[in-house]
Every structure is written in C-alpha cells, then in structure tokens.
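> Build me a model from this:
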Amino acid sequence: MTQVLYYDDGDLAICNGYSFRRDKRTGYYLSSKPVNGKRIRLHVYVWEMKYGKVPKGYEVHHKDHDKRNNSVDNLELLTSKEHHKVHSEEMTEEQKRKHTANLIEKAIPKAAEWHRSEAGREWHKLHYEEMKEALHMKTERKCEQCGKVFTATGRGKFCSNKCKSSYRRQSGIDDIERTCPVCGIKYKTNKYNPAKYCPEHKGGKHRT
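The predicted model follows:
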C-alpha cells in the first residue's frame, strides 16, 4: 500500500521518497520534482500507483472533498464533466462570481488572443478541413416547436426563425424581472421588450 506521510503542519507530503508541496491557492499537493518526466499532483500519483495511468477524459476526485486526505480509499475516477459538476455545485455564489470574473478578465482574452494568432488560425484551418463534410451535411430532423420535418445543415432545432422565436417566448428563456416605476410591483417580461411599466400601468398611466 502506498503510504503518505505529512510534515510542516500538513504543507509537505512524502510518498515513496518523492516530496509534494501543498499549493495554498488550490489546496492540491504538487511534486517538487518531476516524477517519470513530469510534475504530478499527489492524489493522481497515489491513484496511478494503485490502478495505473488515469484514462483520457477522466480525473481523480477526493470523495470527502478533503485535498489533504490522499488515501487511495478516498479517491475515485470521474469523467471531466462529472468532476467539474461536483465542484461547481460546491462553490458559493461569491466563488462563482470570482470564477466568472477571472474567466472574463484573464482566460477569455487569452483564448481570443491565441485564436487570432498564426498558430490559432492554422488550427482552425486544419480543424475545418477535418470537419467540413460533417458541417455541411444535410440531415432530416423534426422542429422542436411545430413538429414539422425539415432538412438542414449544422445543429438547427427549428424549421424557421418564426418557430425559434415562438419557442423562446413560450419557454420564458428570455424573461427577466422588472419593477414598475409607478406601483413598485415586480413583474416578468421579455428582456427585449422596451416597456418600463407593468401591464396595469402601461405607458405610465393607470389603465381604466
């Protein structure tokens, strides 16, 4: 059994002669030196010592959500999607807000910069050549609004823009809450509706 020993108030872990330091920002332990050619997180190392290399598309998860508990019995494999869902459900509203702000401030601009770069353009060109047949292939599908069978390329769900708009109105996907400036009552309306007043005070006056 792979044994993990902790020192320095839990900030240093030793396993099979390798040192792992806890990153205070993420809480994960990272090897101080490369293990088999690369630096690796402790929980991943422990899992791979027991079961072998983590399959592509999977991640190692702490069952009790304690990143200091790296016993192999506390570890399990989840798909990347499942793992992300588990951790997003744990996040507080403040953490979600900071995560979104970080994406807007750092990740998204960096991604946009890469996509505009020469390497990014080459990637898009290659990706398009590989996918163009599938992208332009016409398939028969059923309109999710009216049920009509139609032929289209891509991933269209509706036979027309009219059906698409009707579906969005009925589903309430574009609804927001507003407060009437006359009576102070909160009411729901489509976000694209320019009206500022509730139905009782349409135009700013009480309806008679």
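> least trustworthy helix or strand in the chain by mean pLDDT?
For the chain, counting by mean pLDDT, DSSP states H and E, helix 93-102 ranks last in confidence among helices and strands (a mean of 65).
> For residue 127, which three-state class applies?
Classification of residue 127 using DSSP: H, G, I helix; E, B strand; the rest coil returns helix.
> so what's the spatially most central residue of the chain scoring on pLDDT?
The chain has residue 84 as the residue nearest its centroid, 6.8 Å off, counting by C-alpha atoms, centre = their mean. With respect to pLDDT, residue 84 scores 85.
> residues in contact with residue 149?
140, 141, 142, 143 (C-beta atoms under 8 Å, 6 or more residues apart in numbering). Just so you know, the C-beta spots here come from the backbone N, C-alpha and C atoms, and that holds for glycine as well.
> burial of the last one, as a residue count?
Pointing back at residue 143 there. Residue 143 has 18 neighbouring residues, counting by other C-beta atoms under 10 Å.
> Tell me where this protein has helices.
For the chain, the helices defined by DSSP state H cover 42-51, 80-90, 93-102, 108-116, 118-135, 161-171.
> just how off-centre is the second one within its chain?
Okay, so that is helix 80-90. Distance of helix 80-90 from the chain centroid (C-alpha atoms, centre = their mean, to the nearest Å) equals 8 Å.
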